[in-house]
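Undergrad: any chance you can model this:
(2 chains)
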Amino acid sequence: MNNETFGMTFQYAICIEYDIENKISTERIDKELLSTFLESKIIRKIFRGKSKPIKSLYKTKEFTSEFISRCPHSFLLENEETFSVKTFKGNGKMFAPKVVGQAGDNTFNHFFGHLHKNEINRTNFKEFCLENISEILPIVVDYALVSDYNCWFYRKDETFSYEIIKRADLPDLTFDKSNFTFTKPTSQSWNESNNLKYKYCA
Amino acid sequence: MHKTILSKNNLTNDDTRDIAIKIVDKFVEEGLIKNCIDTDDDTEFDFQDIINNVLNEVFNIKED
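TA: All right, here's what the predicted structure looks like:
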């Protein structure tokens, strides 16, 4: 089963558990997995002691704008806070943050253009990243935890686990440019991908 | 044969990831994988990870 089906089935299970109308196509649901989620009681456990979900935001236009075409949150809670689900295979934690993680040219320039005097394009993109990483990263992290509650849900073999990261717990992030290193430190050596490392000094 | 290629080229995980990205880009260009620009859809990354993992298995490369 692919991660997309896993994620949609999990969102659908939350809708069933809390009797929420939704626009999730049943073709995108794995029925066996849905039963597993519902029988495991894990959803009640996730929301225990928290405000409950009252509305699915999937495929709605809420919280959208010219540059945010899809609602970045999964659910609206009773207290009007937002809740998102991100599913991962195994112990992996790599993902593209919503809104800015797979941005096209216009969207990218909208969110990062203020960091550069010229329009950012495919020609100057690598140089822009190498030069401005300390200012780019806080914006990326901000959108990685875009909802008030961000539920990271892991599946490994047949077991599930999760953690919930509260946006309110996100500290003010400032990075020292000199502590960053790239595995491909120049635009000439940077082919397709690059690894970024940060030396954390406590 | 794979080991010969590995020893000749000294491939790393960075190299296989780059190859995976190029392959996925080609699939997107050909319309075989949907273009995920400006979406929250992880399909391109899922394909990239699968290709990257297979290449690493074939060439016995460990992830960083």
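
Undergrad: CA only for contacts and neighbour counts going forward, please
TA: Noted.

Undergrad: which residue is nearest the centroid of the chain?
TA: No chain in the question, so chain A it is. The centroid of chain A falls nearest to residue A:97 when counting by Cα atoms, centre = their mean (4.0 Å).

Undergrad: switch to chain B, that's the one I care about
TA: In chain B, the centroid-proximal residue (Cα atoms, centre = their mean) is residue B:20; its distance is 1.8 Å.

Undergrad: tell me the contacts of it?
TA: Residues in contact with residue B:20, defined by Cα atoms under 8 Å, 6 or more residues apart in numbering or on different chains, are B:48, B:49, B:51, B:52.

Undergrad: which residues are contacting the helix or strand hosting the second one?
TA: Assigned by DSSP states H and E, residue B:49 falls within helix B:43-58. Judged by Cα under 8 Å, 6+ apart, the contacts made with helix B:43-58 from elsewhere in the structure are A:3-4, B:2, B:13, B:16-17, B:19-21, B:24, B:33-36, B:62-63.

Undergrad: same check, this time on stretch A:182-202
TA: A:126, A:127, A:130, A:179, A:180, A:181, B:14, B:17, B:18, B:21, B:22.

Undergrad: separate out the buried members of the residues you listed.
TA: Among those, those classed as buried by 16 or more other Cα atoms under 10 Å in any protein chain shown are A:126, A:127, A:130, B:14, B:17, B:18, B:21.

Undergrad: let me know the closest of those residues to residue A:42.
TA: Residue A:42 has its nearest neighbour among the buried ones among the contacts of stretch A:182-202 in residue B:17, at 34.9 Å by Cα to Cα.

Undergrad: isn't there a strand covering that closest one?
TA: No: secondary structure of residue B:17 (DSSP: H, G, I helix; E, B strand; the rest coil): helix, not part of a strand.
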